[in-house]
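Student: build the 3D model from these lines:
(chains A, B, C and D)
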There are 4 protein chains.
Amino acid sequence: MEYRKVGKWGLKISEVSLGSWLTFGNQLDLNSTKQVVRYAVENGINFIDTAEAYANGIAEAMLGMVLKEYRREDLVISTKIFWGGDGPNQKGLSRKHLLEGTWNSLKRLQLDYVDILYCHRPDPEVPMEEVVYTMDQILKSGLAFYWGTSEWSAEEIEQACKVAEKMNAMPPVVEQPQYNLIFKKRVEEEYAPIYEKYGIGTTIWSPLASGVLSGKYLEGIPEGSRLDRWPWLRKTMEERGIFQEETLQKLKRIKEIAEGLGVTMAQLSIAWCLRNPHVSSVILGVSSLDQLKENIKAVEVKNLITDEIYSELNSLF
Amino acid sequence: MEYRKVGKWGLKISEVSLGSWLTFGNQLDLNSTKQVVRYAVENGINFIDTAEAYANGIAEAMLGMVLKEYRREDLVISTKIFWGGDGPNQKGLSRKHLLEGTWNSLKRLQLDYVDILYCHRPDPEVPMEEVVYTMDQILKSGLAFYWGTSEWSAEEIEQACKVAEKMNAMPPVVEQPQYNLIFKKRVEEEYAPIYEKYGIGTTIWSPLASGVLSGKYLEGIPEGSRLDRWPWLRKTMEERGIFQEETLQKLKRIKEIAEGLGVTMAQLSIAWCLRNPHVSSVILGVSSLDQLKENIKAVEVKNLITDEIYSELNSLF
Amino acid sequence: MEYRKVGKWGLKISEVSLGSWLTFGNQLDLNSTKQVVRYAVENGINFIDTAEAYANGIAEAMLGMVLKEYRREDLVISTKIFWGGDGPNQKGLSRKHLLEGTWNSLKRLQLDYVDILYCHRPDPEVPMEEVVYTMDQILKSGLAFYWGTSEWSAEEIEQACKVAEKMNAMPPVVEQPQYNLIFKKRVEEEYAPIYEKYGIGTTIWSPLASGVLSGKYLEGIPEGSRLDRWPWLRKTMEERGIFQEETLQKLKRIKEIAEGLGVTMAQLSIAWCLRNPHVSSVILGVSSLDQLKENIKAVEVKNLITDEIYSELNSLF
Amino acid sequence: MEYRKVGKWGLKISEVSLGSWLTFGNQLDLNSTKQVVRYAVENGINFIDTAEAYANGIAEAMLGMVLKEYRREDLVISTKIFWGGDGPNQKGLSRKHLLEGTWNSLKRLQLDYVDILYCHRPDPEVPMEEVVYTMDQILKSGLAFYWGTSEWSAEEIEQACKVAEKMNAMPPVVEQPQYNLIFKKRVEEEYAPIYEKYGIGTTIWSPLASGVLSGKYLEGIPEGSRLDRWPWLRKTMEERGIFQEETLQKLKRIKEIAEGLGVTMAQLSIAWCLRNPHVSSVILGVSSLDQLKENIKAVEVKNLITDEIYSELNSLF
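Tutor: Prediction:
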């Protein structure tokens, strides 16, 4: 397992990590969570990501029970604040929700602090001054070591960095975007100017595009699969053209390349993410211990991707 | 119930709210307070305002007992510091009184923090640097999320914002002025330049002008009414010309309009306040559960006020 | 009793107050301290000054036991840090001693905070940045509301204010100098430029010039008196020319004026200090309850000093 | 014992002090540690230096048990953060390790704060903004009074001071470099421009060049000696030319001079360090109480070094 710096900053995280809204408290119960975390840690994963919104807080609560078995210094734990409930002040990035949300997350996690606290989405309703002032207060109070953003535009991230500079506050150090073989524009183009300028790192979610890059949907939508269970997700994917013939052909080509290397399509897709030096870590969703065992091998598959294969993969979408 | 942002800031409060110096511990005992708060919360009110001065601290103490039944995140609680007692340092906005007053209010309220802490009046005897430095200390200590002002001039609010900017401190986000059909100059004219410039919101008190706009005094001053019980209040109202024939005629016209809409004069007057987009919330004083039940309907009456009616109401005073 | 603002700042203190290195734990035991403080508070004194150095901490410890009977908000308590012990780091204004000294003083005083924390002397060995940074940390931690200086030059005070301005820190708000009919140059001339510029107040010690202005030494040095017990103090006074014929003549003239007004020389001397509008409070040393009862009357004597008498008194030294 | 200011700052430390990676928990067990600390304190040493890395935390834990017998104000305790363990985030100067390392060190030391917290090495992988922001947070939280650096280049120290200036943060006040008769370039030349400009003090380690200046290795490497036990240290010394004939001749000359003064070579070497006014303290490693008793005498030997002898010693290497 390789450990990468989060952008220019001092924190080091494993190149693959555990997370996703579906993993803890959803696809995994308490016992499987214990096993998965144990396997992950023993195989060098030190970074676990969650969010107040995941499984309505159950993801955090479950992790809280499991993490007690580990030495805090060995782990990098992050959570994300944005969707804390239905009330008018339980959503978004107001001071009220950022502080109440953080306090509640830490209670569920049974932790004194998280390593990274993310703003789970941008909130155009809250002035950037309010967000930066509050995140800095959280850092100075010792409740988090670093703060980051998730699914913010490059412009929003840059604005946060400028406000922080003006306030003598810590800027965000990391963005958590969607990134995979199919959807790559934001990470590769939009953020290009800010990586060096502000030293931003990225922790990637959706490396398999909701399972599409595992090849699961090549022959239609299996019963009980994610796109079967969540119609809104299926609709999103349809709108993105996932089931068009052209796309299916490209996906089949990825499958061929994977088979040529003797690896799975998922492993190849994850490994492809790791080739991007701006990626600090690829967050794996895990539905079973076996799936983790398979996908964690992407860190070795990474070395099988020749420049030629990398070029072809890049040219597909 | 509509929830409005407090100016440009992240906090959201119900368009009508509970408060007033006469409500808790004065017109309402502990049992009625419980009922009133229960009814308010169940009908979408999330904002409750009090002050260290109200009923000499009893308002806060009573609320403290009542609020324990609610989830803290669902409520926006504010208090106001200025009149804490008779001693030379128990009044005003000195660091000593702001900090001691806040600590004492939080103890009475049995809360770890309030959402908004108001400076209940301006204090020309205290340098603005001292006030802003101290309010920022209170925010950074986690004792309040936001701070505001009450009955400050536009000039004073602007000065506070400038000092805060210079100090990298949080500026005040909200002003609590008197505002109603009769007295509207400050909110509509004096503050006009600062709403956009500093993103100030307003929480309105006295929407019924001490009951005058409920029509209560159209036929003289009933025994036991506010103007009967507090001669100083009666004198103030007399000086403002409330009992002049011209005023009475205008009040009667308001009553006619209300009757024309099939609503009470009080409901119409409150609803008129809600038409002003710079009003974040109208604070209702409550003397009984029935009165709350009646006046909360103003949120629906709001939609009955046509542009024509609004124009006529605006032209009266 | 009149309450005066401390310079331009928000704190208000009684025009006469209790203090002096000789009072608590030295001339007064625990029982007399209780009586004296009780009498003082009942007669409107709200400000009590002490120092870590007074009676080697016993003054603070004794006050700590006595102050528990009072409501904290009614009192303005100050202490002063500089001489905390013999070790190399128990003296002066280093971060180490300022913080350790403050923590220890608060423990002896059994208080969570003092209202004013003084730097008991300037310390040329410590950079002003270190002092201001540390005093601001103490204020922001809630251990003191304001900070001040004692026996600093105008230049040192101005430097502290400038460093604070640059750091966004609270400047010192008050100086505690020696001031009396004989030694008045610093308060009246040296500090003249900084009163308005920085809003500095003063709390005056030695209003009677170590008892000289009580007339005690007009006929020589009585056995058991201060100048008898502390040869170094006697020497200082001799060097300042207290026992020269010219000085004695002037002192006798003060006595005559006092007798003409039907008051004591001490009362007149204290009252004279109170005529200076830059004096926030005159700190009285107290050797017995009777002495306090006598000297507190200076607040009334103040009104007997006509402009003519004031002129003559000013012209003496 | 002379006490010296740490550069221009307020802290005062004894000119010789206790420390070194080999002393506590390595060459000394708990009982000897107690005796050595007792002797040191009784003979005027007030400064004890350790590090999280020394004996893998045992040095701190042992000191923690011993220091409880002393009054905290009498001691200046420092520790150093950099090597806290093997994990990816247990090394270096990231916010995560600086904060976790400090919390853990204080627990082992059973202290609420240290007087000085050192960054044990520079960390080019961490932005200076992150280091300065975090050290300032530690100071403002009351966990340390001052912070310093160890084995940083003059350029790195200057950069830290500039970042601190920009952030209104406390700059580092002290550097802990290697300094002795043989290796003196950094302290005497590289740091020359920053002593006055930033008021940096130095606490010196390795005053005997790993024992070389005690004369121990003049006739080869004795069994059980440091260079015998740690081959890497021996290799370092060989690379630095310690065993070349020219060096041995110079060492023998130092021995002659020491014998001429009737003192040991170690005493003379330590005393030579003390002649440099930029040295705030020389940290002695101690393998036995007897060794401390001998080497502490260097503070007297200092006065035996005439200008002539000092010149000759300076000219050797």
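
Student: for chain B, give me its nearest residue in chain A.
Tutor: Residue of chain A nearest chain B, by C-beta to the nearest C-beta: A:Ser94 (2.6 Å). From N, CA and C alone the C-beta is placed, and that goes for glycine too.

Student: let me see the contact set for the residue nearest to that residue when sequence neighbours are not counted.
Tutor: Spatial nearest neighbour of A:Ser94, excluding adjacent residues (C-beta to C-beta, 6 or more residues apart in numbering or on different chains): B:Gly10 at 2.6 Å. B:Gly10 makes contacts with A:Gly92, A:Leu93, A:Ser94, A:Arg95, A:Lys96, A:His97, A:Asp123, A:Glu125, A:Val126, A:Pro127, A:Glu130, as judged by C-beta atoms under 8 Å, 6 or more residues apart in numbering or on different chains.

Student: surely the fourth one is in contact with B:Phe145?
Tutor: Spelled out, that is A:Arg95. Yes. In terms of C-beta atoms under 8 Å, A:Arg95 counts as a neighbour of B:Phe145; the distance is 4.7 Å.

Student: the more surrounded of these two?
Tutor: Counting neighbours by other C-beta atoms under 10 Å in any protein chain shown for A:Arg95 and for B:Phe145 shows that B:Phe145 has the greater number, 28 against 25.

Student: what helix or strand does that one sit in?
Tutor: In this structure, B:Phe145 sits in strand B:144-149 according to DSSP states H and E.

Student: what distance separates that strand from the centre of its chain?
Tutor: 14 Å (C-alpha atoms, centre = their mean, to the nearest Å).

Student: check stretch A:277-289 too.
Tutor: With C-alpha atoms, centre = their mean, you get 7 Å for stretch A:277-289.

Student: and if you look at stretch A:10-17?
Tutor: Worked out by C-alpha atoms, centre = their mean, stretch A:10-17 lies 12 Å from the chain centre.

Student: just the mean pLDDT for that stretch, thanks.
Tutor: For stretch A:10-17, mean pLDDT is 98.

Student: same question for stretch A:88-100, mean pLDDT?
Tutor: Rounded mean pLDDT across stretch A:88-100 is 98.

Student: tell me which strands and helices the strand or helix carrying A:Leu227 is in contact with?
Tutor: If you go by DSSP H and E, A:Leu227 is part of helix A:226-229. If you count contacts as 3 or more C-beta pairs under 8 Å, 6 or more residues apart in numbering or on different chains; DSSP states H and E, helix A:226-229 packs onto helix A:231-239.

Student: for the single nearest residue of the stretch 201-317 of chain A relative to chain C, which non-adjacent residue is spatially closest?
Tutor: Relative to chain C, the nearest point of the stretch 201-317 of chain A is A:Gly201 (30.8 Å; C-beta to the nearest C-beta). Spatial nearest neighbour of A:Gly201, chain neighbours left out: A:Gly7 (3.3 Å); criterion: C-beta to C-beta, 6+ apart.

Student: that neighbour against A:Gly199, yeah?
Tutor: Yes. With contact defined as C-beta under 8 Å, A:Gly7 reaches A:Gly199; the gap is 4.4 Å.

Student: list residues touching both of the two?
Tutor: Joint contacts of A:Gly7 and A:Gly199 (C-beta under 8 Å, 6+ apart) are A:Val173.

Student: neighbour count: these two, which is higher?
Tutor: Using other C-beta under 10 Å, the more surrounded residue of A:Gly7 and A:Gly199 is A:Gly7, with 23 against 19.

Student: B:Met135 versus the more buried one, what's the distance?
Tutor: When C-beta to C-beta, to the nearest Å is the yardstick, A:Gly7 and B:Met135 sit 35 Å from each other.

Student: count the neighbours of A:Gln244 for me.
Tutor: With other C-beta under 10 Å as criterion, A:Gln244 counts 11.

Student: can you pull the contacts of A:Lys297?
Tutor: Applying C-beta under 8 Å, 6+ apart, the residues near A:Lys297 are A:Val263, A:Gln267.

Student: same thing but 6 Å
Tutor: By C-beta atoms under 6 Å, 6 or more residues apart in numbering or on different chains, the contact set of A:Lys297 is A:Gln267.

Student: so which elements touch the lengthiest helix in chain A?
Tutor: Using DSSP state H, we find that the single longest helix of chain A is helix A:245-261. Applying 3 or more C-beta pairs under 6 Å, 6 or more residues apart in numbering or on different chains; DSSP states H and E, one finds that helix A:245-261 makes contact with helix A:265-274.

Student: so what's the gap between the helix holding A:Leu227 and the chain middle?
Tutor: 20 Å.

Student: what residue in the stretch 201-317 of chain A comes nearest to chain D?
Tutor: A:Ser281 (11.8 Å).

Student: for A:Val16, grab phi and psi.
Tutor: phi -120, psi 150 (degrees, to the nearest 10).

Student: which residues does the spatially most central residue of chain A bridge with?
Tutor: For chain A, the residue nearest the mean C-alpha position is A:Trp205 (3.4 Å; C-alpha atoms, centre = their mean). Per DSSP bridges, the residues bridged to A:Trp205 are A:Gln178.

Student: isn't it up against A:Val282?
Tutor: No. Counting by C-beta atoms under 6 Å, A:Trp205 does not reach A:Val282; the two are 8.5 Å apart.

Student: which residue does the stretch 1-150 of chain A bring closest to chain C?
Tutor: Closest point on the stretch 1-150 of chain A to chain C, by C-beta to the nearest C-beta, is A:Lys140, at 10.8 Å.
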